[in-house]
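1. Have a look at this prediction, sequence included:
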Amino acid sequence: MSSIPPDNDPGLTEGATAIPKEGSGGASEALTGVIDGPPRTTPPVSRSHGQRLYEAVWRAGPRIADTLLPFALVLYLALEGGGYDSVVRSEVGVAAWWLLVLGAILGLLPRCRPSRTGWILLALLAALTVWTGLGMIWSESAERSAQELVRVASLLGVFALGLSIQGPGSLRRSLAAIAAAIGLVAFLALGSRFHPSLYPADSVAEFLPSERARLNYPLGYWNGLAALMALGLPLLLWFASSARSIVGRGVAAAALPALILTVYMTLSRGGAIEALVALAVIFALAPRRLELLPATLLAALGGGLLIALVSAREDLVDGVTSELAATQGDEMLVLTLLTCAIVGLLGAGLALAVKRGKITLPRVGAAEARKLAIATGALGLLAAAVFVASGNVGEQ
């Protein structure tokens, strides 16, 4: 009977892999080496250009949504007569609700949880929609009540969609898109007076010849156009003072004189008052209101110069269709573009000088800032009151 060789017998170790004892530290590594062999390396997965483009678009999708949707919405409604037509606003409402539902089904919306303020505003608008729908029960005209229900439901859909696409940094991009759309509408409106042959016929002048001098394109209503410009003035002023890029500040500053000239050419006292109040509000609420002063002064100088230039061209201001008015329109087109470009360059240069420390804006404490805000609001209200009083005296 042969004896069992000891554990240290060279016959066991030579040419063989020893199985480690139970409890040894390298048991799992040794077994893996015996069973699986040497470790394998996974070859890199090559992605096509189409896949890379798809991934890039997927990552940039939220940025495109919170920028393109507000810009397209404001511009489309402005070009479609301000959305006063029930068909236009119904189409916008249906599109907003479809985008909202499809985004929720695909898991794309909402991008982040809305804030408490957002939920409160959404609930209030939803309650108004329900109340408008219930009003059809006791309404004298169910058809008109149904139109109002569609209007409020469209507003609810647009607000819900805008709230759902918001994410980190989205609000700033959405406001920039709205400001850009309003600036573009201002240039289109001025172009309709400077070169009317390139635009559709002015239906307002045909039905109301006495209001021919009032600029109303593309909304078809001079007070509505002036109100839209009043909404854009504080937005563009804010970006002209606090945009993250020098180019952005210059572009925003360049659009301000065009908005001021547009408000003037509407001959709308209500729009002028709204513009003054909007500027007073942004100065009163802005935390760093002194930074708004340089852009405000540049816009006032540029806008005042354009108003003086266009006032000297009576045929153009009155909306007269003549050879002289066409010549004056050509002149004002060049002067407007040149003035806006100069203001934009000055705004960008001033922002660059402040960024490099060559110009230092003064800083004020909380008490001084509060007094400045009160004074600014009071001056705005006083200017609005003087404007209304002068209009009433002129009519008498």
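-> Cool, got the structure. Residues are numbered from 1 along each chain as shown.

2. in this structure, which segments are predicted with low confidence?
-> 1-50, 53-61, 361-396 (pLDDT under 70).

3. all strands for it, in order.
-> Here the chain has no strands by DSSP state E.

4. for it, what's the longest helix?
-> When the chain is parsed with DSSP state H, its longest helix is helix 323-355.

5. I'd like to know which elements that helix is packed against.
-> The helices and strands touching helix 323-355, judged by 3 or more C-beta pairs under 8 Å, 6 or more residues apart in numbering; DSSP states H and E, are helix 170-194, helix 246-266, helix 292-311, helix 314-317. Every C-beta, even on glycine, is put in place using the N, C-alpha and C of the backbone.

6. Give me the packing partners of the third one, helices and strands only.
-> Put plainly, it is helix 292-311. Packed against helix 292-311, as judged by 3+ C-beta pairs under 8 Å, 6+ apart, are the following elements: helix 222-242, helix 246-266, helix 269-285, helix 314-317, helix 323-355.

7. Mind putting these into a markdown table with distance to Y199 and mean neighbour count?
-> Shown next, in a markdown table, are the helices and strands packed on helix 292-311 (distance: least, C-beta to C-beta, whole Å; neighbours: other C-beta atoms under 10 Å):
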| stretch | distance to Y199 | mean neighbour count |
| --- | --- | --- |
| helix 222-242 | 14 | 24 |
| helix 246-266 | 14 | 24 |
| helix 269-285 | 21 | 19 |
| helix 314-317 | 15 | 18 |
| helix 323-355 | 12 | 17 |
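
8. Including distance to A295, could those helices go into JSON lines?
-> Shown next, in JSON lines, are those (distance: least, C-beta to C-beta, whole Å):
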{"stretch": "helix 222-242", "distance to A295": "4"}
{"stretch": "helix 246-266", "distance to A295": "5"}
{"stretch": "helix 269-285", "distance to A295": "11"}
{"stretch": "helix 314-317", "distance to A295": "27"}
{"stretch": "helix 323-355", "distance to A295": "6"}
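
9. Indicate which one of the ones you listed is closest to P294.
-> In terms of C-beta to C-beta, the element of those nearest to P294 is helix 323-355, at 5.3 Å.

10. and the angle for that closest one with helix 170-194?
-> 150 degrees (axes from the mean of the first three to the mean of the last three C-alpha atoms, to 10 degrees).

11. For stretch 230-246, give me every contacting residue.
-> 175-176, 178-179, 182-183, 186, 248-249, 252-253, 255-256, 259-260, 263, 271, 274-275, 277-279, 281-282, 286, 288, 291-292, 294-296, 298-299, 347-348, 351-352, 355 (C-beta atoms under 8 Å, 6 or more residues apart in numbering).
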